[in-house]
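Colleague: I would like to see how this sequence folds:
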Amino acid sequence: MHNRGRLKSRPSVFSSRVHASSDTLYFFRAQSEFDRSTLVFRLSQIVLVMAAVILTAVGAEVCNAQRQQTPMNFPTSVALRLIVTIDGDAEKAELVTVELMDAVGGSNEMSRKLADNDGRVTFQTLSGVHRIRITGPNIEAYEGELEIARNEISHLERIRVRRKVKASTNGAASAEGSVAAVRLNVPASARKAYEKGSKAMRQQRWQESRAQFETAIREYPQFDLAYNFLGVVQIQLSDVEAARASFAKAVEINPDLAEAYRKLARISFAQRKYEETEAQLTKSLETDPLNIWALATAANVELITYRYDEAIVHARAAHGVAHAGLAGVHIVAALALESLHKPSEALKEYQQYLAEEPSGRDAVRAQEAIARLSTTPPK
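Modeller: Residues are numbered from 1 along each chain as shown. Just a heads-up that it's a prediction; the model follows:
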């Protein structure tokens, strides 16, 4: 407040100097000598502070420039185009589901797309290592890895998948064949609405996405994938019962749609309907036996319902595939083994958990169990 008062008084003093006599002017200068030196000192301080601010800003700009000049430190946005063919290059894998995953197999609903009639699909993603999973009613499930360099703005990948060998009796069409026919009959209007809905879903425009999927279903009531994605959107809109009905309709149309069974299992598990959860997971694993979430959740449900042998089987199957972030399957296996009075095997599971996640949320439990089992005579 003191500084503000002095600065405020100076304009009136200096304006009076303009009209004063020379004697008055000399008197003012003599009396204000100290004030001038103080003002100079403070101005010098202000200059130093401003210089520091400017240097800081310049430093920030330099850092930004350095970051811009070293793009190798950051992933870049890339248009990934995939062309999927069956047993060579001639036959296109139309209407197959293509899932884009990260390097450890993680994905979400918005990273799945349906290939067009030419087996083509495009993702907007980042450079780096990705995994690709391709499934369809008439092909063997494919899973592979690709790497996109940081200097690419567009990446084209051709993927060959293998036709599924279908065993039929007396010429009867298999379920996979009937589903393939259902997908092949999707009219252009339904496909267009489905693609619009998928785009809106990726951009989290949930209401628009729901409307488009509903349009796709009106255009083609047998559109299993549209029902499945409609259920995903309804979950986002907190309409759980509507989502359950959509997923149920999807598996009614396509009994081999594993991801819809998994969505039903998520709802049932959240509502603690464990028998329903187990049945839905069993159906999903018939079509997609290596899905890590289904294996881990099945093991957990079986532990909760005291089905220890089944829990151990599913937990160990989960360990056999990439399961980053799901080391807890070893805790499930260990608890099941302890319940079956197999402490030495349980000890190994606890040790395996710590080897995978030494700082995980169950690390203390595992350490305590190891200490307890190490001092307990084996039975």
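Colleague: after the helix or strand containing Ala216, next one along is what?
Modeller: Per DSSP states H and E: Ala216 is located in helix 206-219. As assigned by DSSP H and E, the chain's next helix or strand after helix 206-219 is helix 224-236.
Colleague: Skip ahead from that following helix and say which helix or strand is next.
Modeller: helix 240-253.
Colleague: what packs against that following helix?
Modeller: Using 3 or more C-beta pairs under 8 Å, 6 or more residues apart in numbering; DSSP states H and E, the elements in contact with helix 240-253 are helix 224-236, helix 258-270. Quick note: C-beta positions are derived from backbone N, CA and C, even for glycine.
Colleague: go again using 10 Å as the cut-off
Modeller: Judged by 3 or more C-beta pairs under 10 Å, 6 or more residues apart in numbering; DSSP states H and E, helix 240-253 is in contact with helix 206-219, helix 224-236, helix 258-270, helix 274-287.
Colleague: now those helices as JSON lines including mean pLDDT, distance to Lys342 and mean neighbour count?
Modeller: JSON lines is the format used below for the helices and strands packed on helix 240-253 (pLDDT from 0 to 100; distance: least, C-beta to C-beta, whole Å; neighbours: other C-beta atoms under 10 Å):
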{"stretch": "helix 206-219", "mean pLDDT": "96", "distance to Lys342": "48", "mean neighbour count": "20"}
{"stretch": "helix 224-236", "mean pLDDT": "93", "distance to Lys342": "39", "mean neighbour count": "25"}
{"stretch": "helix 258-270", "mean pLDDT": "94", "distance to Lys342": "27", "mean neighbour count": "22"}
{"stretch": "helix 274-287", "mean pLDDT": "94", "distance to Lys342": "23", "mean neighbour count": "19"}
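Colleague: Quick one, which of the ones you listed gets closest to Ala324.
Modeller: Proximity to Ala324, assessed across the helices and strands packed on helix 240-253 by C-beta to C-beta, is greatest for helix 258-270 (18.4 Å).
Colleague: The closest one packs against which elements?
Modeller: Using 3+ C-beta pairs under 10 Å, 6+ apart, helix 258-270 sits against helix 224-236, helix 240-253, helix 274-287, helix 292-304.
Colleague: domains for this structure, by residue range?
Modeller: 2-71, 75-161, 186-374 (automatic domain parsing).
Colleague: Distance to Ala366 for the helices and strands packed on helix 240-253 - can I get that in a markdown table?
Modeller: Below are these laid out as a markdown table (distance: least, C-beta to C-beta, whole Å):
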| stretch | distance to Ala366 |
| --- | --- |
| helix 206-219 | 40 |
| helix 224-236 | 33 |
| helix 258-270 | 24 |
| helix 274-287 | 25 |
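Colleague: and of the ones you listed, who's closest to Glu252?
Modeller: Taking C-beta to C-beta, helix 224-236 is the member of the helices and strands packed on helix 240-253 nearest to Glu252, at 8.6 Å.
Colleague: Show me how far the closest one is from its chain's centre.
Modeller: Offset of helix 224-236 from its chain centre (C-alpha atoms, centre = their mean, to the nearest Å): 17 Å.
Colleague: Same check on stretch 214-229?
Modeller: 25 Å.
Colleague: and it, how far apart are its ends?
Modeller: Chord length of stretch 214-229, first to last residue, is 10 Å (C-alpha to C-alpha, to the nearest Å).
Colleague: hang on, the earlier thing: for the domains of the chain, which one ends up most surrounded?
Modeller: Burial of those is given as mean neighbour count (mean count of other C-beta atoms under 10 Å); domain 186-374 ranks first at a mean of 19.
Colleague: got any ranges where the chain has weak pLDDT?
Modeller: 1-73, 103-110, 137, 166-183, 376-379 (pLDDT under 70).
Colleague: and the longest strand seen in it, what does it pack onto?
Modeller: Ranked by residue count and defined by DSSP state E, the top strand of the chain is strand 77-86. Under the contact criterion of 3+ C-beta pairs under 10 Å, 6+ apart, strand 77-86 touches strand 91-92, strand 97-101, strand 120-126, strand 128-135, strand 142-148, strand 154-161.
Colleague: can I get the CA coordinates of that strand in PDB?
Modeller: Coordinates of each C-alpha in strand 77-86 appear next as PDB, following Å, rounded to 0.1, in the frame of the first residue of the first chain:
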ATOM      1  CA  SER A  77      -1.300 -39.900 -35.600                       C
ATOM      2  CA  VAL A  78      -1.500 -42.500 -38.400                       C
ATOM      3  CA  ALA A  79      -4.300 -43.700 -40.700                       C
ATOM      4  CA  LEU A  80      -4.000 -47.500 -40.600                       C
ATOM      5  CA  ARG A  81      -5.600 -49.200 -43.600                       C
ATOM      6  CA  LEU A  82      -6.100 -53.000 -43.600                       C
ATOM      7  CA  ILE A  83      -7.100 -55.300 -46.400                       C
ATOM      8  CA  VAL A  84      -8.200 -58.700 -45.300                       C
ATOM      9  CA  THR A  85      -8.300 -61.700 -47.700                       C
ATOM     10  CA  ILE A  86      -9.100 -65.400 -47.400                       C
END
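Colleague: Check the offset of that strand from the chain's centre.
Modeller: The chain centroid and the centroid of strand 77-86 are separated by 19 Å under C-alpha atoms, centre = their mean.
Colleague: What pairs with it, parallel or antiparallel?
Modeller: Using DSSP bridges, the strands paired with strand 77-86 are strand 91-92 (antiparallel), strand 120-126 (antiparallel), strand 154-161 (parallel).
Colleague: re the thing from before, now the helix holding Ala216 and helix 240-253, what's the angle there?
Modeller: Taking axes from the mean of the first three to the mean of the last three C-alpha atoms, to 10 degrees, one finds helix 206-219 and helix 240-253 inclined to each other by 30 degrees.
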